[in-house]
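Undergrad: mind folding the following:
(chains A and B)
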Amino acid sequence: MASLGCSTRLLVIIATVVLILFLVGLVGGAIGEGLLGKRVIGLLDVPPLEVHSFFKGDVLFEAGPLAISNTLLASWVTILVVVGIAFAATRKMKVIPARLQGLFEAALELLLSFVESVAGHKNGRKFFPVIATIFIFVMFNAYLALLPVYGPGIYVVEEEEIVSPAYGTAVLAVHPEEGHHSVKVEEGEVILRIDDGSGIPVEVTAPKTGEFEYPEGLNEGPIEVAADAPVGEVISRPPLLRSASTDINMTLALALMAVLFIEVWGLTGKGFRNYIGEYVNVKELIRGIKLFFKGRVVDALMATVTGVINVIIGGLEAFSHMMRAVSFAFRLFGNMTAGEILVLSATFLIPWIMAVPFYGLELLIGFIQALIFGGLTLVFGSIAVAHEGEEH
Amino acid sequence: MLDKLGIDLPQLLAFVINFFLLFGLLTLVLYRPITRMLDQRAAKIKESLDQAEVMKQEMARAEETVKAQIETGRREGQAIVAQASQAAERLKEEARAEARKEAESLVAKARTEMAVEREESFNQLRREFADLAILAAEKVIDQSLDKKAHEKLIDKVLQEGLSSRKGELN
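TA: Here you go, the predicted model:
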């Protein structure tokens, strides 16, 4: 027991507190509500899982042509925090470092030695700022998003939205209750469009207040709020901050930048002709055509076939480079969005204690995703500058 | 399709700008100072190591010099000691010679003094003896002799006698 670093008594107290928190969470959360049939403890008012817009951030306000979304705002927060800490760490550089400076030096040196071990000293120094920026940005986005100021709960904008059909299904929570669907409506009347599987949607007017029940005789299909109907006020409360990595625009921008840098490195490292020659590989085809004119038909045919294959391979190569951006973007987006939903679900089902392990998992995933994004950029960059099969 | 995916050009551009903003700022406040510091420190360590190597060599050389100096010092010391003992020997010799000379001169002085004294006592003895002889002769003859004439006579006799005696004594 002594090896645990605290007395048995303390251990028992900690275990008891954890257990109590777990039980309160169990009873107060969605699972408890489901098991007991009613809400017992009202203080755990976890907002129901609702993703306002799945792929991109929720617009907070418009600034000219640019809509300021909560993900964009979060990325600004990340930049401010990262640059602020970095500035504090390097403001007074000393040969014998202070704590913060030492920490940053150790971390960056680790990253630098990783980059140099993959790309070599000269290329490593060239790649390092890009790789480090990607790594730091992805990791800090993920870590800051675990703070309680992120996500639902804290909002500044409260909008009564006219919902579009696709939007409406997500906003109005559909509860599977006692074997049939119903829609809870706040007030007034809502025209609902019910697809009962016959292909022709049935429009039903439902009271805006109270509970709408399926009319008799209708199959219980998905419910949509009619696009053209005066839907009325659906209250939308987008969170003030949402992890920037859960916005496809952000991950795609980062992926495009990564690919851009990879191609630029390849172009400057190999020279324009060599680099383009890998994708537009017509050398063999031209040789084949020339041979035709010389009258050597068999050789010409062989060369032409090889040439056509080369052209196709070059095209595939170029396509794979473009696909890198897509895979970069969706990998990060998927992981981060899944993480956010996972943490929210855990908090929703059993609040408090059960969410803690998922936060730990998210810390790990944030680091791994940063490493994967940065590491893949590094590897692709190293491949792009590598001289392979000297042809000239 | 891009719209369905939520891809929005202004947003995308905003995030691209964000990336370059972060890239520029971090280059300014993080990468440049820290890589510079790392390089500087590496250079400093290398320099210190080189310096330590130089110091080590210098120390070895200094040790060598000190050893040589100690050797010469020892030799010089020995030479000085030898010289000193030689000088002491010479001084002793000189002192001994001086002492001998002095002693000899003392002895010589004493000898001459003794000779003078003996001469004097002889003379005194002689005078007293002359007086006694005259007195005795007066008594024998009982007549006053011409003292001066007699004295001359006696002196003559004594001279002869003494010179013969002196020859015996010597």
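
Undergrad: is it true that residue A:314 touches residue A:283?
TA: No: judged on C-beta atoms under 8 Å, residue A:314 makes no contact with residue A:283 at a distance of 10.2 Å. Bear in mind the C-beta positions are built from the backbone N, C-alpha and C, glycine included.

Undergrad: per-domain residue ranges of chain A.
TA: Annotated domains of chain A cover A:18-46, A:48-152+A:241-392, A:159-236 [automatic domain parsing].

Undergrad: circling back: who's more crowded, residue A:314 and residue A:283?
TA: Higher neighbour count among residue A:314 and residue A:283: residue A:314, with 17 against 14, using other C-beta atoms under 10 Å in any protein chain shown.

Undergrad: once you drop chain neighbours, what's closest to the more buried one?
TA: Computed as C-beta to C-beta, 6 or more residues apart in numbering or on different chains, the closest residue to residue A:314 that is not its neighbour in sequence is residue A:281, at 3.9 Å.

Undergrad: wait, isn't the one you found in contact with residue A:312?
TA: No: contact status for residue A:281 versus residue A:312: not in contact, 9.1 Å apart, counting by C-beta under 8 Å.

Undergrad: comparing these two, which residue is more hemmed in?
TA: residue A:281 (18 against 11).

Undergrad: list the contacts of that one.
TA: Each residue near residue A:281 by C-beta atoms under 8 Å, 6 or more residues apart in numbering or on different chains is listed here: A:310, A:311, A:313, A:314.

Undergrad: thinking again about what came up before, turn the domains of chain A into JSON lines, columns for mean pLDDT.
TA: Formatted as JSON lines, these follow (pLDDT from 0 to 100):
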{"stretch": "domain A:18-46", "mean pLDDT": "72"}
{"stretch": "domain A:48-152+A:241-392", "mean pLDDT": "84"}
{"stretch": "domain A:159-236", "mean pLDDT": "46"}
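
Undergrad: quick check: longest helix of chain A.
TA: Identified as the longest helix of chain A according to DSSP state H is helix A:297-349.

Undergrad: helices or strands up against it?
TA: Counting contacts by 3 or more C-beta pairs under 8 Å, 6 or more residues apart in numbering or on different chains; DSSP states H and E, helix A:297-349 packs against helix A:30-36, helix A:121-144, helix A:248-270, helix A:283-294, helix A:355-385.

Undergrad: of all those, which one is nearest chain B?
TA: Taking C-beta to the nearest C-beta, helix A:248-270 is the member of the helices and strands packed on helix A:297-349 nearest to chain B, at 3.5 Å.

Undergrad: that closest one near chain B anywhere?
TA: Yes: Helix A:248-270 is in contact with chain B by C-beta under 8 Å from any C-beta of the partner chain, via A:248, A:249, A:250, A:252, A:253, A:254, A:256, A:257.

Undergrad: what helices or strands is that helix leaning on?
TA: Contact here means 3+ C-beta pairs under 8 Å, 6+ apart; on that basis helix A:248-270 packs against helix A:70-90, helix A:121-144, helix A:297-349, helix A:355-385, helix B:9-26.

Undergrad: how does it look with 6 Å?
TA: Packing partners of helix A:248-270 (3 or more C-beta pairs under 6 Å, 6 or more residues apart in numbering or on different chains; DSSP states H and E): helix A:297-349, helix A:355-385, helix B:9-26.

Undergrad: so the last one, near chain A or not?
TA: Yes: counting by C-beta under 6 Å from any C-beta of the partner chain, contacts between helix B:9-26 and chain A involve B:10, B:11, B:12, B:14, B:15, B:16, B:18, B:19, B:22, B:23, B:25, B:26.
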